[in-house]
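**Q** sequence plus the predicted model coming up.
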Amino acid sequence: MKLLFDFFPLLVFFGAWLAVDIFFATAAAIVATTIQIIWSWLKYRKVDKLLWINFGAIAFLGGLTLVFQDKRFIMIKPTVVYWIIASGLLIAYWGFKKNPIRMMMEEHFNAPDFLWNRWLMGWGLFLFALGFLNLFVAYNFSEGVWAAFKVFGALGLTLILTVAQVFTLMPYAKSGEMK
């Protein structure tokens, strides 16, 4: 259920894009993300930082897309979100000596520091690269190719990295978990 909740705006965007156009899809994604924020607040009395980042990006860049009727704003939105998250990971590590990847997963894995640090750097580099890849697709291919990349390509690449991470952490699973 959480997976559906997390991908709700993306699914709404893609469905609205297929049904109407990128401008309608942008408005629908803004509404969907707003619903996510409200739902999260009502259910948990808190809103996840990543959800706030996505909301800020969709509200600002989506708003510019609608006001100026220029799809380039919404097409760079994934890059902005990827780069904010990557920057946050690296700033947390280098500026505050925190490893957000470890903090999210150490409840389930007892991996050595070098592996946690490798994954933090890997995710940071991956997100920066994914941002550049999004820009490349957005500016060199059709809107349809970009929309398909946004939904299937970026998501698929992220899933591949996530599976790779879990497999490398499996030997360090805490007893009784993931076996």
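**A** Done, it's in.
**Q** next SSE downstream of the helix or strand hosting Ile76?
**A** Using DSSP states H and E, Ile76 falls within helix 72-96. Following helix 72-96 in sequence order, the next helix or strand is helix 100-105 (DSSP H and E).
**Q** how far off centre is that following helix?
**A** 16 Å (C-alpha atoms, centre = their mean, to the nearest Å).
**Q** and if you look at stretch 143-156?
**A** Centroid separation between stretch 143-156 and its chain, computed with C-alpha atoms, centre = their mean, is 13 Å.
**Q** okay, buried residues for that stretch please.
**A** Along stretch 143-156, these residues count as buried under the neighbour rule (16 or more other C-beta atoms under 10 Å): Trp146, Ala147, Phe149, Lys150, Val151, Gly153, Ala154. All C-beta spots, glycine's among them, are computed from the backbone N, C-alpha and C.
**Q** also stretch 72-87?
**A** Quick answer for stretch 72-87 (16+ other C-beta under 10 Å): 73-86.
**Q** over to stretch 31-38?
**A** Buried positions in stretch 31-38, judged by neighbour count with 16+ other C-beta under 10 Å: Ala32, Thr33, Gln36, Ile37.
**Q** the helix or strand harbouring the last one vs helix 72-96, what angle?
**A** What it means is Ile37. Secondary-structure element containing Ile37, defined by DSSP H and E: helix 22-44. Interaxial angle, helix 22-44 versus helix 72-96 (axes from the mean of the first three to the mean of the last three C-alpha atoms, to 10 degrees): 40 degrees.
**Q** following element in sequence after helix 22-44, please.
**A** helix 49-68.
**Q** tell me which residues in the helix ranked longest in the chain are buried?
**A** The single longest helix within the chain, with elements called by DSSP state H, is helix 113-140. Across helix 113-140, burial judged by 16+ other C-beta under 10 Å covers 115-116, 119-120, 122-124, 126-128, 130-131, 133-134, 137-138.
**Q** just flag the most distant two among the residues you listed.
**A** Leu115 and Ala138 (34.0 Å; C-beta to C-beta).
**Q** coming back round to it: what helices and strands are in contact with the helix or strand following the longest helix of the chain?
**A** Using DSSP H and E, the next helix or strand after helix 113-140 towards the C-terminus is helix 143-148. Packing partners of helix 143-148 (3 or more C-beta pairs under 8 Å, 6 or more residues apart in numbering; DSSP states H and E): helix 113-140.
**Q** pull the residues that contact the lowest-mean-pLDDT helix or strand in the chain.
**A** Within the chain, judged by mean pLDDT, DSSP states H and E, the helix or strand with the poorest mean is helix 2-19; its value is a mean of 89. Helix 2-19 is contacted from outside by 24-29, 31-33, 35-36, 39, 54, 58, 147, 150-151, 155, using C-beta atoms under 8 Å, 6 or more residues apart in numbering.
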